[in-house]
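J.: Turn this into a model:
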Amino acid sequence: MALKHNLSVYWPHEKLIDNLIYLSFLGIVVSYPFSININSMFIIASTGLVLLKYFKTGKVFFSYLYLFFFLLFLTRLGSLLYTEDINSGVRIMMRSMSLIAFPLILMLNDKALPRKTFLIKIFILATTFACVYCFLKNAIFLTNNDIPIQRWLDWRYNNYHLSRHLEFGPNYFSLLIVLNIIGAFFHRKLIPPFYLLCLVLQVLFIILLSSRGLLLFLAIFSTTYTIYLGFKRFKFLGLLFSIVILSLLFYTIFKTVPVLRQRFVKTYKELVVGDMEKNKVGGIVTRKKKINASINIIKENFFIGVGIGDVRNELTHQFKILNFQEGVEKWYDAHNQYLESFMASGIFGVICFLSIFVYCFRHALNIQDYHLLAVLILFLFFGLLESYIETHKGIVIFSLVLTYYVSNNKNGTSCQISQI
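T.: Residues are numbered from 1 along each chain as shown. Predicted structure coming up:
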């Protein structure tokens, strides 16, 4: 204690540390769409500053949500004890550090962090700049290679290439855009018109990316709210009117936006025909084979899984058994977070993962934070599409958004967190 006291005399003032924490946290948000390496550096810097502040002040602000994040991290870490591919396991655990980094960053007096509405604005701006960058890089590439203009709007090209200029998968970029739209919607009274114009550009971007799962979620979200609003104001007449208007709107969009029509016609053919050879990009048949392979692994390793480093190897083995050559060659994961957690650390890993959502749902319902509820439903839904806590882009946005939003109430001010 005496050493701690003597050292703290020479360390920076608490106000300076708070300012550095604020700037490094903004750095995490701004760099997220652009660079994994820079984003990781800001996360490390923020975590180090938090530990420095704790060493100086001794203050910790605790929430049970942080405990659930720590437990999820420990189940993944524990699976290293029985994983065979230890090198892969260690690499995955390095990405998993976000599960403890963001709870640590939030375990301080949150006056050092920006308020929710400001954070939403920064995310919108950063995403908009990322969209513009991808559009420009894409235009330069297409022009230099004399690619016909009609290909510029082809969903097959854009789904695979448009966001790759930032090493950003289409589903993850679409997730970020949907989070921005939801945030702006629930805080629309505090969001200036300029940011709404930025969202229009992002809507165009998500249409070109054609991530059908996220587009479907966005359609369901807007439909549910419109029908609810119509019924609330005009009862059954409003309900009927809302359904008719939305049906006409969606039909018009489907008929007039070629990129969407191409994407969903392809999906319909997959469901009806099931021809994997003609529907390779994001095929539903492909996902079915991933699910079947995952279930076979889970049946044999129900309680503790195969270990976090062995999931891909076990999946590849199952793909060979199922004669799924594309899965073997491209070394697919499960594209499903629930199955991925089950395979990695068994039923205990899934319980720890879902416990985060249970706590957040209870918290959101207690304070009637419908923004947080929508975000939770989005992440639950996204878990059916991607193994998102196995990637940097996924685990960072998941850990950052949930830990931060739970520590802020629906009005964008800090909630009460117990000090220990």
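
J.: Near residue 193, how many other residues are there?
T.: 7 (other CB atoms under 10 Å). For the C-beta atoms, the positions are set from N, CA and C on the backbone; glycine is no exception.

J.: now do residue 184
T.: Counted with other CB under 10 Å, residue 184 comes out at 21.

J.: Also residue 89?
T.: Neighbours around residue 89, by other CB under 10 Å: 23.

J.: before we move on, what about the one 5 residues further on?
T.: Residue 94 has 11 neighbouring residues, counting by other CB under 10 Å.

J.: Can you give the contact residues for the helix or strand harbouring it?
T.: Taking DSSP states H and E as the definition, one finds residue 94 inside helix 86-95. The contact list for helix 86-95, computed with CB atoms under 8 Å, 6 or more residues apart in numbering, reads 76-77, 79-80, 83, 307-310, 312-313, 390-392, 395.

J.: List buried residues within these.
T.: Using 16 or more other CB atoms under 10 Å as the burial test, the contacts of helix 86-95 include 76-77, 79-80, 83, 307-310, 312-313, 390-392, 395 as buried.

J.: out of those residues, who's nearest residue 321?
T.: residue 313 (13.2 Å; CB to CB).

J.: returning to what we had before: in terms of secondary structure, what does whatever helix or strand comes next after the helix holding residue 94 contact?
T.: Counting by DSSP H and E, the next helix or strand C-terminal to helix 86-95 is helix 98-106. Contacts defined by 3 or more CB pairs under 8 Å, 6 or more residues apart in numbering; DSSP states H and E place helix 98-106 against helix 36-57, helix 64-78, helix 392-406.

J.: So which elements touch the second one?
T.: In this structure, helix 64-78 makes packing contacts with helix 86-95, helix 98-106, helix 337-367, helix 392-406, judged by 3+ CB pairs under 8 Å, 6+ apart.

J.: Ok, the first one next?
T.: Counting contacts by 3+ CB pairs under 8 Å, 6+ apart, helix 36-57 is packed against helix 2-10, helix 14-31, helix 98-106, helix 392-406.

J.: now the last one
T.: With contacts taken as 3+ CB pairs under 8 Å, 6+ apart, helix 392-406 sits against helix 14-31, helix 36-57, helix 64-78, helix 98-106, helix 116-144, helix 170-186, helix 337-367, helix 370-382.

J.: To residue 323, which of those helices lies closest?
T.: helix 337-367 (20.0 Å).

J.: the inter-axis angle of the closest one versus helix 370-382?
T.: 170 degrees (axes from the mean of the first three to the mean of the last three CA atoms, to 10 degrees).

J.: Buried residues, helix 337-367. List them.
T.: 337-346, 348-350, 352-357, 359-360, 363-364.

J.: Tell me the gap between it and the middle of its chain.
T.: 15 Å (CA atoms, centre = their mean, to the nearest Å).

J.: try stretch 148-165
T.: 23 Å.

J.: Okay, the closest residue to residue 393 other than its chain neighbours and residue 130: tell me how far apart.
T.: Leaving aside its sequence neighbours, residue 393 sits nearest to residue 172 (CB to CB, 6 or more residues apart in numbering; 4.4 Å). Per CB to CB, to the nearest Å, residue 172 is found 12 Å from residue 130.

J.: Residue 403 now?
T.: 23 Å.

J.: Tell me which residues are up against stretch 134-144.
T.: Taking CB under 8 Å, 6+ apart as the rule, stretch 134-144 contacts 147, 151, 152, 158, 161, 162, 163, 165, 166, 205.

J.: Give me the local confidence score for the second one.
T.: Residue-level confidence at residue 151 comes out at 69, pLDDT.

J.: swap in the fourth one?
T.: Residue 158 is assigned a predicted lDDT (pLDDT) of 80.

J.: List the backbone torsions phi and psi for residue 391.
T.: phi -120, psi 160 (degrees, to the nearest 10).

J.: show me the contacts for it.
T.: So residue 391 contacts 95, 169, 172 (CB under 8 Å, 6+ apart).

J.: And for residue 389?
T.: 96, 99, 337, 340, 341, 353, 395, 398.

J.: Please apply the same query to residue 72.
T.: Taking CB under 8 Å, 6+ apart, one finds 99, 349, 352, 353, 355, 356 in contact with residue 72.

J.: and with 7 Å instead?
T.: By CB atoms under 7 Å, 6 or more residues apart in numbering, residue 72 lies in contact with 99, 352, 353, 356.

J.: Looking at those residues, which gets the smallest pLDDT?
T.: residue 99 (92).

J.: unless I'm mixing things up, it is touching residue 69, no?
T.: Yes: with contact defined as CB atoms under 7 Å, residue 99 counts as touching residue 69 (5.1 Å).

J.: intersection of neighbour lists for those two?
T.: With CB under 7 Å, 6+ apart, residue 99 and residue 69 have common neighbours residue 399.

J.: ok, the two, which is more surrounded?
T.: Between residue 99 and residue 69, counting by other CB under 10 Å, residue 69 is the more crowded of the two (27 against 24).

J.: isn't the more buried one right next to residue 101, touching?
T.: No: judged on CB under 7 Å, residue 69 makes no contact with residue 101 at a distance of 9.6 Å.

J.: Ignoring the adjacent residues along the chain, who's closest to residue 363?
T.: Leaving out its chain neighbours, residue 363 is closest to residue 406 (CB to CB, 6+ apart), at 5.6 Å.
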